[in-house]
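Undergrad: Just a sequence and a predicted model for now, questions to come.
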Amino acid sequence: MSDRPFIIDIQSLCRFYTMGDQTVKALDSINLQFRKTDYTAIMGPSGSGKSTLMNILGCLDTPTSGRYELNGQNVAEMDDDELARVRNREIGFVFQTFNLLPRLNCLKNVELPLIYAGIDPEERLERARAALESVGLADRIDHKPTELSGGQIQRVAIARALVNRPSIILADEPTGNLDTATSHDIMGIFGKLSEAGNTIILITHEEDIARFTRRTIRLRDGRIESDSST
């Protein structure tokens, strides 16, 4: 058994929604742990609970009951302001639709989380440049998203997720809008980031993408169906 501490520890986590006179159990008594440098795919059919789990992991939603500890903090009991601070400090997001601002160049897009964090301009510039360099885009810092390929745009999004030096990176279908070769290239970047010490958790419905990770968690009907090393 590894002696690495858990970066995420989830115990008996439930997320229920009331719809009319019915209760929908989006997540039902989930127990999960993640360690630093884990590289994990979360899979499952539509309605399995994977998006709800990702939202809770990303502090975008709170559980109905249960415990969610991130770096020893029980975020399940935090209010909205506390959750926002944790999100900005501890979590980097990568989305299928990239979510870059088209009028800003790559450097400015990557700098944005640091502005929200109150980092001074000189350090912002240095960290944004380093993040873009880490994903192979040192020569594209002045380009706008409209001047890049889909794979390059997703690399910028990954750099933006990295720039705050988060504890975990959450990626929601990060290859969903990319061709196969570009998707594999992006997954290779995630693999290198994991080897460098980042915790990567991604949602995917593609089996070939999940095979790039070292662990696959499958959900069904709000419960863990399987949790296996790959």
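TA: Thanks, I have the structure now. None of these values were measured; they are calculated from a predicted model.
Undergrad: Okay, strands next: where are they in this protein?
TA: Here the chain has its strands, by DSSP state E, at 6-19, 22-35, 39-43, 65-70, 73-74, 91-95, 168-172, 199-203, 215-220, 223-229.
Undergrad: Mind listing the strands the shortest one pairs with, and their directions?
TA: So that's strand 73-74. Using DSSP bridges, strand 73-74 pairs in its sheet with strand 65-70 (antiparallel).
Undergrad: buried set for the partner strand?
TA: With burial defined by 16 or more other CB atoms under 10 Å, the residues of strand 65-70 counted as buried are 66, 68, 69, 70. Using the backbone N, CA and C atoms, a C-beta is placed for each residue, glycine as well.
Undergrad: Okay, angle between it and strand 6-19 too, please.
TA: In terms of direction (axes from the mean of the first three to the mean of the last three CA atoms, to 10 degrees), strand 65-70 departs from strand 6-19 by 150 degrees.
Undergrad: Give me the residues contacting strand 65-70.
TA: Strand 65-70 has contacts (CB atoms under 8 Å, 6 or more residues apart in numbering) with 6-14, 29-30, 56-57, 59, 74-76, 86, 90, 167-168.
Undergrad: Any of these buried? List them.
TA: Buried among those by 16+ other CB under 10 Å: 6-10, 13, 30, 56-57, 59, 75-76, 86, 90, 167-168.
Undergrad: Next, format the strands of the chain as TSV and append distance to residue 50 and mean pLDDT.
TA: Shown next, in TSV, are those (distance: least, CB to CB, whole Å; pLDDT from 0 to 100):
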stretch	distance to residue 50	mean pLDDT
strand 6-19	12	93
strand 22-35	10	93
strand 39-43	5	96
strand 65-70	16	93
strand 73-74	23	89
strand 91-95	15	91
strand 168-172	9	94
strand 199-203	5	95
strand 215-220	5	96
strand 223-229	11	94
